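1. Predicted structure and sequence below. I'll ask about it afterward.
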Amino acid sequence: MPSRKTAMPAPARRPAGGAAPQALPPGTGPGGETHQTAGVGQPLLTSNQGLAVADNQNSLHGGYRGPTLLEDFLLREKITHFDHERIPERIVHARGSAAHGYFECLRDCSEWTKASFLSKAKKRTPVFTRFSTVAGGAGSVDTPRDVRGFAVKFYTDEGNFDLVGNNIPVFFIQDAIKFPDLIHAVKMEPDRGFPQAASAHDTFWDFVSLMPESLHMIMWAMSDRTIPRSLRMIDGFGVHTFRLVNAAGDWKFVKFHWRAGLGVESTTWDEAVKIAGADSDYHRRDLWEAIERGDFPTWELGLQVFDQATADSLPFDVLDPTKVIPEEIVPIEVVGRMVLDRNPSNFFAETEQVAFCPSHMVPGLDFSNDPLLQGRLHSYLDTQLSRLGTPNFHQLPINQARCPVTNFQRDGQMQMQVPTGRVAYEPNSLGSRLPRESPERGFNSVAVEETGPKQRLRPESFADHYSQARLFFRSMTAPEQGHMVNALAFELGKVETGAVRDRVLSHLVLIDETLAQGVADKLGVAPGSISQATPAREPQDLPPSPALSQVATRAGGLKGRHLAMLVAEGADAELVNTTKQALEKARARVSVIAAKIEGVQLSDGSLLKADGALAGSPSCLFGAVIVLGSEAGIQPLLGHPAALDFLRDAWRHLKAIGLDAAGQQLAQAAGIGNDEAVLMLTDRKTVAKYLKVAAAGKYFAREGQPGTDA
Ligand code: HDE
């Protein structure tokens with residue numbers, strides 16, 4: 001039973017002006033709020049010292065309407081805790097969303113590695129995976145054009161292994177010493193504090209135009225990979241070359257790949273921009289809701305394993321993180337899968353406090369000499385000290401290893417354990433059952449030989465900055481190439497300094513003439529006026545790698561996709577139900593959108609509840625759309641800007657559009673065109689046809705038609 005109480009024993013308030021106190025209505029606080037007190041068996045609200053709190057509504061005042069007293073230790077404890085609720089956000093990858101799950105090994109990998117989590121089929125290892133954007137702050141939107149972080153903490157029975165990767169297999173720079181410069185260039189410009197979460201500004205393009213090693217990554221960044229539809233629809237990559245080591249001590253090189261079970265899917269640029277306004281938490285919400293409804297996202301873990309001889313035969317250096325090894329050269333072996341099946345219980349305690357470090361390693365894996373990786377081995381431990389404030393960050397529940405942690409490290413801020421005994425050093429002879437090193441089971445670095453002078457240099461083998469940028473561009477399908485041209489033109493169109501734009505063009509022309517010309521046209525740069533940069537090494541034509549194209553490799557299907565049915569009053573009940581059932585059978589998620597959130601009445605008089613009101617549910621939020629209504633019911637929507645934009649945007653964003661006769665009236669009013677992805681829905685058969693078209697994803701053949709982005 002809620003019990004209400006007033007703030008003061010004397011239920012009276014003296015209005016300003018000194019008039020007589022007025023009685024408060026019984027059961028309300030002075031602000032009219034209601035609150036509960038503890039009933040039998042209910043937990044008590046306490047202070048952080050366990051003291052039961054009698055009144056959580058009012059601070060302690062000296063006298064009736066008097067000042068708040070310094071004595072109010074409960075007020076001070078609560079406010080002080082609140083004042084310190086934030087910890088420094090990550091300097092990069094501040095905006096993130098995460099989930100728990102497991103990694104399941106699918107095959108015995110002991111020929112390559114002794115890592116226990118890869119030792120036998122069906123072995124499961126718990127994981128916590130955090131996805132992120134790079135440039136924006138923690139409160140920034142989910143859908144800027146940006147690389148996505150893809151960090152997986154494996155809680156293995158031999159200690160934690162963190163695979164801290166991205167959704168793009170290469171990186172902007174080759175040496176860790178350039179990272180602060182890269183990040184300063186892409187973040188908000190320091191004098192003005194904008195733009196937030198955007199690379200489309202002078203300092204970023206100034207930097208990259210002076211650093212041609214970034215060009216391959218720029219090609220990826222300007223592709224559709226950086227505007228994903230969902231975090232469930234991104235691939236992940238370890239980026240660097242690592243090593244696998246087996247029980248005999250033999251090692252091979254390895255590159256890690258995560259492949260999204262749903263395939264890779266992206267929005268268009270205009271869609272991403274509109275989503276940012278319609279739902280700035282779009283990706284976070286999508287991941288959370290999918291897991292809540294049991295639609296667990298999955299990824300395959302693939303390995304590209306190769307030896308030194310293969311590495312030596314490649315026309316680039318495998319230690320250079322700006323290069324991929326095409327799968328056509330070294331195939332990807334699938335060795336496991338990851339399933340994310342549980343949302344965090346507390347965003348701060350888990351998603352915010354999780355501390356990833358590429359230096360968190362397990363026996364059976366080892367680093368390579370990639371100079372970017374080597375720098376990361378320092379940076380992450382250091383940053384955790386600054387963010388979490390103590391070398392004991394590993395004791396936070398989300399960071400704790402799931403195997404025993406026993407050593408002689410002691411004390412420090414926020415020590416949460418109570419170590420016992422007098423021995424806190426090693427070697428020792430005074431205790432029993434104390435932890436001891438193990439040459440057999442412990443982590444051993446591969447004893448590779450290193451020789452040569454100590455010097456600051458970039459190896460000659462890192463000098464080709466254009467060939468793989470070209471390889472990437474030429475491996476894309478025509479629509480993907482078009483999107484890259486548009487993206488570059490958009491970004492450079494935001495650059496104020498002409499010399500920076502020209503310098504970027506001077507690199508693009510070395511990558512591919514049509515790319516450079518396409519961008520130049522959109523910028524209004526006269527043909528023939530593009531100068532050419534001088535490459536450190538002449539680019540080569542490498543064989544294209546169709547596996548790099550997300551369009552060419554799209555598997556199709558509606559599973560896990562979110563579709564919208566905009567339903568107007570009086571829509572045919574049978575058609576609505578048939579369509580909804582067919583979509584659900586295809587394992588899509590369907591949201592009913594109506595002009596009013598309470599829903600609509602269908603032709604048979606039944607009430608169809610809406611999942612979203614039209615005003616807050618623009619079509620950019622969905623993968624494909626349907627509009628159903630009736631002659632009378634559609635009328636109010638024909639002049640409704642949100643309804644017209646619903647279809648105009650669905651058309652512009654290349655979506656499959658299903659319409660009944662009323663829907664067609666709306667389409668006409670919206671002025672959208674007609675093509676093979678705009679389908680008339682009348683019955684089960686036409687619905688089945690629509691499903692097939694929608695399952696194919698975006699209808700790129702529409703691009704260039706009026707109302708779409710050319
Ligand atoms: Fe990171 N990076 N990074 N990075 N990075 C951080 O660590 C850094 C790099 C990546 O969800 C920071 O805990 C340096 C490559 C992800 O918590 C910081 C260099 C790749 C995440 C840091 C790189 C990444 C981070 C910031 C160049 C892909 C988010 C907060 C040598 C392989 C992890 C933190 C999460 C986070 C430094 C380059 C991926 C500052 C110095 C390459 C996914 O330590």
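-> Happy to help now that I have it. Numbering: from 1, shown residues only.

2. In contact with the spatially closest residue to Asp224 that is not a sequence neighbour, which residues?
-> Closest residue to Asp224 apart from its sequence neighbours, by Cβ to Cβ, 6 or more residues apart in numbering: Ser266 at 3.6 Å. Bear in mind the C-beta positions are built from the backbone N, C-alpha and C, glycine included. Shown in contact with Ser266 (Cβ atoms under 8 Å, 6 or more residues apart in numbering): 224-225, 227-229, 233, 550.

3. does the residue of the chain found nearest the ligand have beta-bridge partners, and which?
-> Closest contact between the chain and the ligand, by Cβ to the nearest ligand atom, is at Gly149 (2.7 Å). Applying DSSP bridges to Gly149 gives these bridge partners: Ser132, Asn166.

4. and it, how many residues sit next to it?
-> Residues lying near Gly149 (other Cβ atoms under 10 Å) number 21.

5. Hmm, it is touching Phe131, no?
-> Yes - between Gly149 and Phe131 there is a contact at 6.3 Å, judged by Cβ atoms under 8 Å.

6. Need the CA coordinates for the lengthiest helix in the chain. CSV is fine.
-> Determined from DSSP state H, the single longest helix within the chain is helix 371-388. Extracted C-alpha coordinates of helix 371-388, given in CSV (Å, rounded to 0.1, in the frame of the first residue of the first chain):
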residue,chain,number,x,y,z
PRO,A,371,54.4,-0.7,-34.7
LEU,A,372,50.8,0.4,-34.2
LEU,A,373,50.1,-2.7,-32.1
GLN,A,374,53.3,-2.2,-30.1
GLY,A,375,52.2,1.3,-29.2
ARG,A,376,48.7,0.1,-28.2
LEU,A,377,50.2,-2.3,-25.8
HIS,A,378,51.2,0.7,-23.7
SER,A,379,48.3,3.0,-24.3
TYR,A,380,45.3,1.0,-23.1
LEU,A,381,46.8,0.2,-19.7
ASP,A,382,47.7,3.8,-19.2
THR,A,383,44.3,5.1,-20.2
GLN,A,384,42.5,2.7,-17.8
LEU,A,385,44.6,4.2,-15.0
SER,A,386,43.4,7.6,-15.9
ARG,A,387,39.7,6.6,-16.5
LEU,A,388,39.2,4.2,-13.7
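
7. Next secondary structure after it?
-> Downstream of helix 371-388, the first helix or strand assigned by DSSP states H and E is helix 467-475.

8. Now do the next helix or strand after that following helix: everything it contacts.
-> As assigned by DSSP H and E, the chain's next helix or strand after helix 467-475 is helix 478-493. Under the criterion Cβ under 8 Å, 6+ apart, residues 145, 199-200, 205, 219, 222-224, 268-269, 473, 476, 501, 504-505, 508, 514-515, 518-519, 522-523, 549-551, 700, 703, 709-710 lie in contact with helix 478-493.

9. who does the helix or strand where Phe646 lies touch, helix- and strand-wise?
-> Using DSSP H and E, Phe646 maps to helix 641-652. For helix 641-652, the elements it packs on are helix 269-278, strand 624-628, strand 657-659, helix 661-670, judged by 3 or more Cβ pairs under 8 Å, 6 or more residues apart in numbering; DSSP states H and E.

10. quick one: Phe172 from Asp279, how far?
-> 29 Å (Cβ to Cβ, to the nearest Å).

11. Looking at the two, which is more packed in?
-> The residue with more neighbours, out of Phe172 and Asp279, is Phe172; 27 against 20, by other Cβ under 10 Å.

12. What is the neighbour count of the residue nearest to His61 when sequence neighbours are not counted?
-> In space, and not counting its chain neighbours, His61 is closest to Thr68: 5.9 Å by Cβ to Cβ, 6+ apart. Thr68 has 13 neighbours, counted by other Cβ under 10 Å.

13. Look up the pLDDT of Thr68 for me, please.
-> pLDDT, Thr68: 95.

14. Could you pull up the contacting residues of Met416?
-> Contacts of Met416 by Cβ under 8 Å, 6+ apart are 392, 395.

15. circling back: return the residues in contact with the residue of the chain closest to the ligand.
-> Under the criterion of Cβ under 8 Å, 6+ apart, the neighbours of Gly149 are 93, 96, 130-134, 164-167.
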